[in-house]
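1. Following is a predicted model, sequence given first.
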Amino acid sequence: MPPSALAAESPFDTDTSPAAEELRAGQAHYAGGRIEPAIEAFRRGLAARTASSATATIAELHAKLGNAHMLRGELDLAGENYKAALRIAPHLCACWCNLGTVHLKTGKANDAIALYFEALKLNPAHWPSRSNLAEALIATRQHLLAKALLTELAEERPQDGQVRHRLGRACFELNEIEAALEHFKQALAINAQDAESLYWIGGISQKLGQLDAAQAAYARAAGIQPLIRRAASKSPADFRVLALYAPFAGNTPADYLFKDAAYDTDTLALIAGSEPDLIPLGGIDLVVNLISDADQAEAVLPAAARLVAKLGKPVVNDPGKISRTTRDAVAALLPGIPGCRIPKILRLDAGADVSVAALESLLPFPFPVLARPAGTHGGDDFEKIEDLDALSLFLKCRPCDDHYVIEYVAYASPDGHFRKYRFIFVGHEILPYHLAIGNDWKVHHASTDMANQPWMQREEAAFLADPAAVFAPANYAALRAVRERIGLDYFGIDCALDDRGDVLVFEVNASMLVHDDNAEFSYKDPAVRAIKSAFDGMLRARAGA
């Protein structure tokens, strides 16, 4: 989003004052890409103003100085100058637009929307204001409005690839997956070097099960733009992070964690069998490894570990430690912790004999059991099974997958409801994220009736405000022991309290979702912000900033 032009809004061509001369000199430098001399000229012009200086000239000096600072990423200085220009000349449409963009870039999208509307009052057809308004609507999750506006813009300028790209993002958020994919393909047809649209095409193709198309799109995108860049919300950035992720494996959900950050983030896609070139990576202060599912990422974790070793920078979630977070590895790692109960687990490799006779000799715990394919999360393909025949049938449905068979531990509370707690470990902090209350053993916050049950919401809110009122000192001692044995810097645990008051561990890994989309549960916001704040603080400390 470059600054919107201010041409022809402030006539000063007949002004022969020193301020106007410096304005013309600064514009010449700016047009030639000489930003530093332009800034010096604009500042000299402002210093040379007198009581008799033309107000149009002074407003233009501030506006152009704002543009120059915007190009250098100096958003605070840009914003100050746009405001100064508007105090003198509130009719400057593009200046309202550019001030809106400053707010959008610094994470204040709602404020940006108001400023874009001020610009559009002056000029309803102003393209940058309409285009950037669509971006702000996406940022504030007003996706239907964004889609309507972008559809209008696309009809006006069918060859604008950026509009098509934004339309794809809006459709994706509205779960119009096929339409989103088509828009990204149209953006790519307009600009064959549009790596960002290619990454989206890869992700959507993967979601649709079109794995060959996904892999081709990812590979092509990486060849054009190895790094996906996200600029800091301030300038200059406090430090620079290199984030590693694997397109065909589970990754730590990081959209919220990296949101409105004071540091630059470059994300590098790692694909099994490829070794990235270190030269384009440039200078970084910290590596954050997002590759988190040890089952899905078995082939790419070694490459991530080699890259981390070559870079020689501090790392969050060392790839070498991720392998210890498969379900069977966790079950082998945690026993012996006082007050911590770990269900037994059996891992069956793909192609293993899963006949009733074979399972009868292998199974080390009684029925009922839980079963799921390795590398899956959530409730899909995750079942409670009552006997050998049903287990054999379940395992035969996906013969090419490894499976986990897990001891079932009844954990219903005395009132008959099932309670699953999630904590997030950030450095040395153990922070509550949610309490999901359900009527069945398979509890996921999104699938419960909590949105319609005020008493459940009150209980979750009380837990988030004071988790120590639910988890006793002995429970926290068990959680700290889990943290020490797992050894990661950022990860989560899903657990319950059994009938003895011990911590019953369901899952421990770095793949757990933390997000701020909690419109129905606004009481969660302080807990979510605490996790984000702790994450930012941990990165700042690791980067030595």
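-> Alright, I've got the coordinates.
2. What helices and strands are in contact with the longest helix seen in the chain?
-> For the chain, the longest helix by residue count, based on DSSP state H, is helix 525-543. Judged by 3 or more C-beta pairs under 8 Å, 6 or more residues apart in numbering; DSSP states H and E, helix 525-543 is in contact with strand 286-289, strand 315-316, strand 418-426, strand 429-438, helix 454-465. All C-beta atoms are positioned from the backbone trio N, CA, C, and that covers glycine.
3. Turn those into TSV, columns for mean neighbour count.
-> TSV is the format used below for the helices and strands packed on helix 525-543 (neighbours: other C-beta atoms under 10 Å):
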stretch	mean neighbour count
strand 286-289	26
strand 315-316	23
strand 418-426	22
strand 429-438	20
helix 454-465	16
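4. would JSON lines of the ones you listed with distance to residue 483 be doable?
-> What follows is the helices and strands packed on helix 525-543, written out as JSON lines (distance: least, C-beta to C-beta, whole Å):
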{"stretch": "strand 286-289", "distance to residue 483": "17"}
{"stretch": "strand 315-316", "distance to residue 483": "14"}
{"stretch": "strand 418-426", "distance to residue 483": "5"}
{"stretch": "strand 429-438", "distance to residue 483": "7"}
{"stretch": "helix 454-465", "distance to residue 483": "19"}
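5. and the longest helix of the chain with strand 418-426, angle?
-> In terms of direction (axes from the mean of the first three to the mean of the last three C-alpha atoms, to 10 degrees), helix 525-543 departs from strand 418-426 by 30 degrees.
6. Might you list the low-confidence residue ranges for the protein?
-> 1-2, 4-14, 279 (pLDDT under 70).
7. center of it, which residue is that?
-> Geometric centre of the chain, nearest residue: residue 255, 0.7 Å, by C-alpha atoms, centre = their mean.
8. Tell me who's in contact with the closest residue to that residue other than its chain neighbours.
-> Leaving aside its chain neighbours, residue 255 sits nearest to residue 515 (7.3 Å; criterion: C-beta to C-beta, 6 or more residues apart in numbering). With contacts defined as C-beta atoms under 8 Å, 6 or more residues apart in numbering, residue 515 is in contact with 253, 255-256, 528.
9. Tell me the secondary structure at residue 515.
-> Secondary structure of residue 515, reduced to three states by DSSP: H, G, I helix; E, B strand; the rest coil: coil.
10. how about the helices of the stretch 151-300 of the chain, start to end?
-> Counting by DSSP state H, counting those that start in this stretch, the stretch 151-300 of the chain has helices at residues 161-173, 177-190, 195-207, 211-224.
11. Need the winner for burial among those.
-> helix 161-173 (a mean of 23; mean count of other C-beta atoms under 10 Å).
12. Output it as CSV, restricted to C-alpha atoms.
-> Extracted in CSV, the C-alpha atoms of helix 161-173 (Å, rounded to 0.1, in the frame of the first residue of the first chain):
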residue,chain,number,x,y,z
GLY,A,161,-4.5,-8.6,-9.7
GLN,A,162,-4.5,-7.1,-6.2
VAL,A,163,-8.2,-6.8,-6.2
ARG,A,164,-8.6,-10.4,-7.4
HIS,A,165,-6.2,-11.5,-4.6
ARG,A,166,-8.2,-9.7,-1.9
LEU,A,167,-11.4,-11.1,-3.3
GLY,A,168,-10.0,-14.5,-3.0
ARG,A,169,-9.2,-13.9,0.7
ALA,A,170,-12.7,-12.6,1.4
CYS,A,171,-14.3,-15.6,-0.2
PHE,A,172,-12.0,-17.9,1.7
GLU,A,173,-13.1,-16.4,5.0
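13. Tell me which other helices or strands it touches.
-> The contact analysis (3+ C-beta pairs under 8 Å, 6+ apart) places helix 161-173 against helix 127-139, helix 143-156, helix 177-190, helix 195-207.
14. so it versus helix 143-156, what angle?
-> 150 degrees.
15. Let me see the residues that make contact with helix 161-173.
-> With C-beta under 8 Å, 6+ apart as the criterion, helix 161-173 contacts 131, 134-135, 138, 141, 143, 146-147, 150-151, 153-154, 157, 177, 179-184, 186-188, 190-191, 194, 196-197, 200, 204.
16. cool, and stretch 325-337?
-> 292, 294-295, 323-324, 340, 342-347, 374, 404, 406, 478, 481-482, 485-486, 488, 491, 505, 507-510.
17. Separate out the buried members of these.
-> 292, 294-295, 324, 340, 342-343, 345-347, 374, 404, 406, 478, 481-482, 485-486, 488, 491, 505, 507-510 (16 or more other C-beta atoms under 10 Å).
18. quick one: which of these sit in helices?
-> Using DSSP H, the subset of those located in helices is 478, 481-482, 485-486.
19. can I get these in JSON lines with distance to residue 122?
-> Below are these laid out as JSON lines (distance: C-beta to C-beta, whole Å):
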{"residue": "478", "distance to residue 122": "62"}
{"residue": "481", "distance to residue 122": "63"}
{"residue": "482", "distance to residue 122": "59"}
{"residue": "485", "distance to residue 122": "62"}
{"residue": "486", "distance to residue 122": "57"}
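20. List just the nearest of the residues you listed to residue 544.
-> Nearest to residue 544 among these, counting by C-beta to C-beta, is residue 486 at 24.7 Å.
21. residues in contact with the closest residue in space to residue 106 that isn't next to it in sequence?
-> Excluding the flanking residues, the one nearest residue 106 by C-beta to C-beta, 6+ apart is residue 233, at 5.0 Å. The neighbourhood of residue 233, defined by C-beta under 8 Å, 6+ apart, consists of 105-107, 260-262.
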